[in-house]
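Novice: got a predicted model here, sequence first, then my questions.
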Amino acid sequence: MNATARGLAQWHTLATAPDPERLAGLVAEDAVFHSPVVHTPQEGRKLVVAYLSAAAATLGQGQFRYVREIVDGRDAMLEFTCILDDIHVNGVDIIRFDEDGKIEDFKVMIRPIKAVNKVWEMMAAQLEKTSAS
């Protein structure tokens, strides 16, 4: 199994089960996260782990599942669906792994606009709750 396949397999176990310690082991030190609602990239392992953990806690409560996966070299595109407060969320995770199988770049795109707004609302609450503890 190559490094990308190993990293992707680890990601699948963590995508809906927020475990910041295990996730930190999968995220490269200089990783970057591109949020569908935050305009600037979030840089560095600590921020990327915080955002991915909040996403797992948020999306994982809504019947989250990946419905399509495309892998090319170190890049993976994973289409997902879930339902949050009766709103159907459809999105794409675009992940780039480094040569060791760690996440170095993670971009999320979500549709439709109702879903973007719902995810933003729920993620903001999750991030606030995490930073308060």
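Specialist: Ah, there it is. Residues are numbered from 1 along each chain as shown.
Novice: what sits against residue 51?
Specialist: Going by CB atoms under 8 Å, 6 or more residues apart in numbering, residue 51 touches 33, 35, 42, 123, 127. C-beta coordinates here come from the backbone N, C-alpha and C atoms, glycine included.
Novice: do that again at 10 Å, thanks
Specialist: 33-35, 38, 42, 106, 108, 123, 126-127, 130 (CB atoms under 10 Å, 6 or more residues apart in numbering).
Novice: pull the longest helix from this structure.
Specialist: helix 113-132 (DSSP state H).
Novice: what lies in contact with it?
Specialist: By CB under 10 Å, 6+ apart, helix 113-132 touches 18, 20, 35-38, 50-51, 53-59, 61-62, 81-91, 108-110.
Novice: how about 6 Å then?
Specialist: With contacts defined as CB atoms under 6 Å, 6 or more residues apart in numbering, helix 113-132 is touched by 36-37, 54, 57-58, 84, 87, 89, 110.
Novice: buried stuff in stretch 45-63?
Specialist: Neighbour counts over stretch 45-63 (16 or more other CB atoms under 10 Å) mark 45, 48-59, 62 as buried.
Novice: right, I'll call it a day here.
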